[in-house]
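**Q** Predicted structure and sequence below. I'll ask about it afterward.
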Amino acid sequence: MTDSKITLAEIERALHDGDLCFHYQPKLSFETGRIVGGEALLRWQKDDGSIVPPGLFLPQAEESGFITDITAVMLTELIEDIARLRVTKPDIQVAFNVSALDLHSPYLVKMLRSFIGNHVINPGNIQIEITETAVVNQSPRVHATLLDLVALGIEIVMDDFGTGYSSLDLLSQLPFSALKLDQGVVGRMTEDPKNTHIVRSSLLMARDMSIKTIAEGVETEGVYTFLLASGCNEAQGFWMSKPLPIKQFIQIIKDDPKWPSSELGFLYNAWGNHLSYRRKVLDTVYTMTMTSPKEWDKMPLLDLRHNPAYCRLGQWYRDIKRAGISDDGTYESLEQLHREMHAAGDILVKTVKSQQSKDAIIEATDDFLRFSELVDKEVTRIVSQSFAAGLHAHGLDEFIDQAEGAE
Ligand code: C2E
Ligand code: MG
Ligand code: MG
């Protein structure tokens, strides 16, 4: 079937006859390897059993404005599906795609407020995915809708990240809590290293902004494993599962399959966060000492917080300790050094701010770098342990046997 054959009248009929439904593509956490939720993807089920994908009818619906009718009707269906899913998994997270027009009127917020107010779903059960094109000409109305959704406790995800022209600027202006890497960009990592750089840089940027990351279009084991090690948070793709009808989606949630998971990506993230803190301190010191104090209030803002509790490394070892993973003192010594390093960073910045002597600044910088190196050394040791543990757990011996057999 080609899109030229589909008329708006046919789409209207399909909606009114109840021929539209959702298929759900499982989304899993790299931390646990388990399904945390899914994305609701519109499907038109024809009487002859064939299925029309959204790309063939949504553009007409958007052009004509009929998309808002589709959203309103299908949101009610979605909530019913979520209520069914909650029986098996009460904390299920279902992502719902909305279009630009849906954000221009208040009905989306009104409907969701009522479903949440009546306890049909929790705010955490639904996430709203929007593409950059939906918000690029952001009107005050769109902004207000997004803020209302956030006030309800609903997460907003920027879909197809990496394809648009102004995604970066929008990320800073609108209340996104997650970004979803575009399936094309993710898929092309196997063809062109530039795509791999884009994906990695996006993950690093999101980490620094404390925004969650989701990769879509994961089609191979290699891409999955690479994203896992790169510190991406969640993934969707054909390698794990295609979008499924609701019955099969409920079944897979009941089966609770497990894909590979590792703490390595999270450890790398924590490590990266630590390195980025070090750069932030040094950049602040450099910029302040090279800029006249009366200009200091016009420096670029860096969210420089010296409290280890705000640092991923601090959060990571606290989680590890809570999980009781190690009791050999490894994490305790790191915790102590880490605390001292942040204190030294605080002193260094204060030394510069209070305009003390050059010697005092140099001494404080040396102190800070010394602690920072000690933390680095400790983390490198833990990374190497975790790396080795991972290789053994995933059958390194078998891998070597295979490699030797192939020689
Ligand atoms: P999207 O939100 O970016 O959804 C992801 C699309 O990628 C889906 O296509 C999904 O089937 C496909 N996909 C998932 N994993 C893989 C993979 O590993 N490889 C490849 N090649 N593709 C993968 P689908 O279902 O055809 O949806 C296309 C688009 O239609 C969606 O893109 C979304 O923008 C839109 N859409 C879908 N459902 C709705 C809806 O309920 N409302 C609105 N407004 N738009 C929707
Ligand atoms: Mg989407
Ligand atoms: Mg997408």
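**A** That came in fine, so what should we check first? Numbering: from 1, shown residues only. Ligands and ions are numbered 1, 2, ... in the order given.

**Q** Does residue 115 touch residue 79 like I think?
**A** Yes: using Cβ atoms under 8 Å, residue 115 makes contact with residue 79 at a distance of 5.2 Å. Glycine gets a C-beta too; all of them are placed from N, C-alpha and C.

**Q** can you list residues touching both of the two?
**A** residue 121 (Cβ atoms under 8 Å, 6 or more residues apart in numbering).

**Q** Strands along this protein, start to end?
**A** 20-29, 35-45, 51-52, 93-97, 126-131, 155-161, 178-181, 212-215, 234-235, 244-245 (DSSP state E).

**Q** would you list these in TSV and tack on mean neighbour count?
**A** TSV is the format used below for the strands of the chain (neighbours: other Cβ atoms under 10 Å):
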stretch	mean neighbour count
strand 20-29	22
strand 35-45	21
strand 51-52	16
strand 93-97	22
strand 126-131	23
strand 155-161	23
strand 178-181	25
strand 212-215	24
strand 234-235	24
strand 244-245	16
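
**Q** Nearest spatial neighbour of residue 22, chain-adjacent residues omitted?
**A** Among residues not flanking residue 22 along the chain, residue 40 sits closest, at 4.2 Å (Cβ to Cβ, 6 or more residues apart in numbering).

**Q** quick one: that neighbour and residue 188, what's the gap?
**A** Applying Cβ to Cβ, to the nearest Å, the value for residue 40 to residue 188 is 26 Å.

**Q** related to what we said a few turns ago, can you check the pLDDT for the residue nearest to residue 22?
**A** Residue 40 is assigned a pLDDT of 98 by the prediction.

**Q** closest one to residue 389 among the strands of the chain?
**A** Distance to residue 389, taken as Cβ to Cβ, is lowest for strand 20-29 among those, at 19.7 Å.

**Q** Any residue of that closest one touching ligand 2?
**A** No: residues of strand 20-29 contacting ligand 2 under Cβ under 5 Å from the ion: none, with a closest distance of 9.1 Å.

**Q** other SSEs contacting that strand?
**A** Packing partners of strand 20-29 (3 or more Cβ pairs under 8 Å, 6 or more residues apart in numbering; DSSP states H and E): strand 35-45, helix 67-88, strand 93-97, strand 234-235, strand 244-245, helix 246-255.

**Q** will you turn the ones you listed into CSV that also has distance to residue 287?
**A** As requested, those are arranged in CSV below (distance: least, Cβ to Cβ, whole Å):
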stretch, distance to residue 287
strand 35-45, 40
helix 67-88, 47
strand 93-97, 40
strand 234-235, 36
strand 244-245, 52
helix 246-255, 50
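
**Q** still on that earlier bit, save the strands of the chain as JSON lines, and put in distance to ligand 1 too.
**A** Formatted as JSON lines, the strands of the chain follow (distance: least, Cβ to the nearest ligand atom, whole Å):
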{"stretch": "strand 20-29", "distance to ligand 1": "6"}
{"stretch": "strand 35-45", "distance to ligand 1": "4"}
{"stretch": "strand 51-52", "distance to ligand 1": "10"}
{"stretch": "strand 93-97", "distance to ligand 1": "4"}
{"stretch": "strand 126-131", "distance to ligand 1": "6"}
{"stretch": "strand 155-161", "distance to ligand 1": "5"}
{"stretch": "strand 178-181", "distance to ligand 1": "7"}
{"stretch": "strand 212-215", "distance to ligand 1": "10"}
{"stretch": "strand 234-235", "distance to ligand 1": "10"}
{"stretch": "strand 244-245", "distance to ligand 1": "11"}
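
**Q** now these in a markdown table, with distance to ligand 3?
**A** Listed next are the strands of the chain as a markdown table, based on distance: least, Cβ to the ion, whole Å:
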| stretch | distance to ligand 3 |
| --- | --- |
| strand 20-29 | 11 |
| strand 35-45 | 9 |
| strand 51-52 | 19 |
| strand 93-97 | 8 |
| strand 126-131 | 7 |
| strand 155-161 | 4 |
| strand 178-181 | 6 |
| strand 212-215 | 10 |
| strand 234-235 | 13 |
| strand 244-245 | 18 |
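
**Q** Tell me which residues touch the one residue in the stretch 301-407 of the chain that gets nearest to ligand 2, please.
**A** Closest to ligand 2 within the stretch 301-407 of the chain is residue 312: 26.9 Å, counting by Cβ to the ion. The contact partners of residue 312, taken as Cβ under 8 Å, 6+ apart, are 207, 269, 270, 272, 273, 274.

**Q** Contact partners for the spatially closest residue to it that is not a sequence neighbour?
**A** Spatially, and ignoring its direct neighbours in sequence, residue 312 is nearest to residue 273 (3.6 Å; Cβ to Cβ, 6+ apart). Contacts for residue 273 (Cβ under 8 Å, 6+ apart) come out as 207, 208, 311, 312, 313.

**Q** would you list every one of the helices in the stretch 151-300 of the chain?
**A** Along the stretch 151-300 of the chain, counting by DSSP state H, counting those that start in this stretch, helices occupy 167-173, 183-187, 193-208, 221-229, 246-255, 264-290.
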